[in-house]
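> Have a look at this prediction, sequence included:
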Amino acid sequence: MAKKSEKGKEETAKANGAQAGGPAPEPPADPAGRGESVAGYFRKVFEEDPKLLKQRSNDALLARWLAEHPGYSEVPQKVKVGLQNIKSVLRKERGRRGRPRREEAANGEGQAPARRVPRRDLEALEERLDECLSLARGLDPEEFGDVITHLRRARNLVVWMAEGGGTPGG
């Protein structure tokens, strides 16, 4: 029985490229001889090309890692996880959380700059609001009390905008 288990070890060792009874093969050393960490390697890559940090796919980065580490036929899971972690950390450090913004606001307050609405459009809107207000008052002023209040406020704001007041609070 002992010979069978020893024989199995020899076959496994031969399949892995080691001699029977010898130590398991070591992964290839870093070509530069520094023994650099996965995070350290990818930090340098992201320093060289920060745009890579914005990319969703890691395929290009993993292909680069394979090209610079010729002893590997495929990227180890440890490297993939390390890349994901360092990418997340660097994004967080640089404040790149969530969905990217389409463009920054011109006024720097987080809102798009106000666009002037043509006076004729404001007058047309005021007329329509007047019609709605008249209809609501004609139907049932008590039941539509809140609606009438909101329509009056809306009409007053439109009038104020038409006079050059812009938008309140803006």
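Structure received. What you see is a predicted model; the values in this text were computed from it and never measured.

> from here on, contacts and neighbour counts on C-alpha atoms
Noted.

> Just the CA trace of stretch 47-56, in PDB.
The C-alpha trace of stretch 47-56 is given here as PDB (Å, rounded to 0.1, in the frame of the first residue of the first chain):
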ATOM      1  CA  GLU A  47       0.600  55.900 -12.700                       C
ATOM      2  CA  GLU A  48       1.900  55.500 -16.300                       C
ATOM      3  CA  ASP A  49      -1.600  55.600 -17.800                       C
ATOM      4  CA  PRO A  50      -4.300  56.900 -15.500                       C
ATOM      5  CA  LYS A  51      -6.900  56.400 -18.200                       C
ATOM      6  CA  LEU A  52      -6.700  52.700 -17.600                       C
ATOM      7  CA  LEU A  53      -8.300  53.300 -14.200                       C
ATOM      8  CA  LYS A  54     -11.500  54.500 -15.900                       C
ATOM      9  CA  GLN A  55     -11.900  51.400 -18.100                       C
ATOM     10  CA  ARG A  56     -14.300  48.800 -16.900                       C
END
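
> taking the mean pLDDT, what do you get for it?
Stretch 47-56 shows a mean pLDDT of 88.

> Show me which residues of that stretch are buried.
Leu52, Leu53 (16 or more other Cα atoms under 10 Å).

> quick one: contacts of it?
Contacts with stretch 47-56, where a contact means Cα atoms under 8 Å, 6 or more residues apart in numbering, come from Phe46, Lys87, Leu90, Arg91.

> Next, the third one: secondary structure please.
When you say that, I think you mean Leu90. Here Leu90 is recorded as helix under DSSP: H, G, I helix; E, B strand; the rest coil.
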